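Student: Provide a 3D model corresponding to the input given below.
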Amino acid sequence: MQQKKYIAKSMEKKELKFTPKRDKNTKIAIPRNAASLILLKNSFNDVKVLLGKRSNKTRFMPGAWVFPGGVLDKSDFTLSINTSLNTKIIQKLAVSNNARTAKALAIASIRETVEETGLILGKKSKNFTSTNFKDHNNGITIMSKLGLEPDLTNLFYLGRAITPTFSPIRFHARFFMADAKHLTGKIKTTNELVEIEWVSLKKATKLPMADVTEFMINELLTYDGNISKIKKMLNNRPMFTWKMGKQWITRK
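Tutor: The predicted structure follows:
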């Protein structure tokens with residue numbers, strides 16, 4: 001079996017702005033499964049990424065600029081749709097090669113994006129319905145009313161991250177990507193993302209953001225924001241976390 005390659009990168013000794021510290025007397029939180037969708041578009045010889053500013057009233061990372069996304073919901077496991085993830089991506093999601101969980105994570109990234117931004121990565125479907133959803137603001141319900149189902153075939157994989165143990169709120173987040181040309185819908189702000197902008201990749205890290213968001217943007221910059229290039233480097237996708245006071249990046 002091939003050994004994992006570990007690369008630890010040092011970090012300046014400073015307080016992280018968007019990563020709170022848990023009380024030392026409390027237990028280490030178990031990371032919750034989560035998914036984000038990074039949307040990219042070419043614009044006048046530039047690549048732009050969709051970022052939203054979190055409300056200052058939110059509990060986790062208030063005021064930070066983030067990719068749309070959120071935690072996995074039980075309903076994400078129950079959908080029967082006609083699109084599926086690339087099998088090679090499933091192997092990279094750290095779900096023990098469980099296609100059902102991988103599919104749920106992919107659906108969550110699309111659902112959360114609909115709920116937080118109004119943008120839809122969907123495909124026309126005559127048979128897809130979500131009558132079991134009572135919440136009219138649920139992203140899948142919104143898609144169903146438009147005759148759309150989540151389009152997993154246009155999802156690609158950038159990497160994953162685990163919130164460090166010193167944080168009281170922790171997530172195991174997977175970062176999917178998609179080209180904006182496949183989107184429908186119009187951008188709308190929400191109570192969670194109070195500002196939403198297409199930002200040049202080259203300028204994005206100048207916004208106030210958490211270290212994990214900055215890392216993923218820099219990962220995109222390594223490939224000039226070119227999804228096709230990243231697809232060819234699927235075996236070099238990173239896992240980002242913190243260990244022993246340092247950023248810890250694993251590539252496998």
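
Student: any regions of the stretch 101-250 of the chain where pLDDT drops low?
Tutor: 128-134 (pLDDT under 70).

Student: quick one, helices of it?
Tutor: 139-145, 201-204, 211-222, 227-232 (DSSP state H, counting those that start in this stretch).

Student: I'd like those laid out as TSV, including distance to Gly122 and mean neighbour count.
Tutor: Every C-beta, even on glycine, is put in place using the N, C-alpha and C of the backbone. Listed next are those as TSV, based on distance: least, Cβ to Cβ, whole Å; neighbours: other Cβ atoms under 10 Å:
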stretch	distance to Gly122	mean neighbour count
helix 139-145	5	22
helix 201-204	25	16
helix 211-222	23	20
helix 227-232	18	14
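
Student: distance to Phe240 for the ones you listed - can I get that in TSV?
Tutor: Conversion of the helices of the stretch 101-250 of the chain to TSV gives the following (distance: least, Cβ to Cβ, whole Å):
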stretch	distance to Phe240
helix 139-145	26
helix 201-204	17
helix 211-222	5
helix 227-232	15
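
Student: mind checking which of those is nearest Lys243?
Tutor: Across the helices of the stretch 101-250 of the chain, Lys243 has its closest neighbour in helix 211-222 (13.4 Å, Cβ to Cβ).

Student: what is the end-to-end distance of stretch 241-252?
Tutor: 14 Å (Cα to Cα, to the nearest Å).

Student: list the buried residues in it.
Tutor: Buried residues in stretch 241-252, counted by 16 or more other Cβ atoms under 10 Å: 241-242, 247-250.

Student: check stretch 161-177 too.
Tutor: 161-164, 167-168, 170-177.

Student: try stretch 99-116
Tutor: So stretch 99-116, judged by 16+ other Cβ under 10 Å, has buried residues 101-116.
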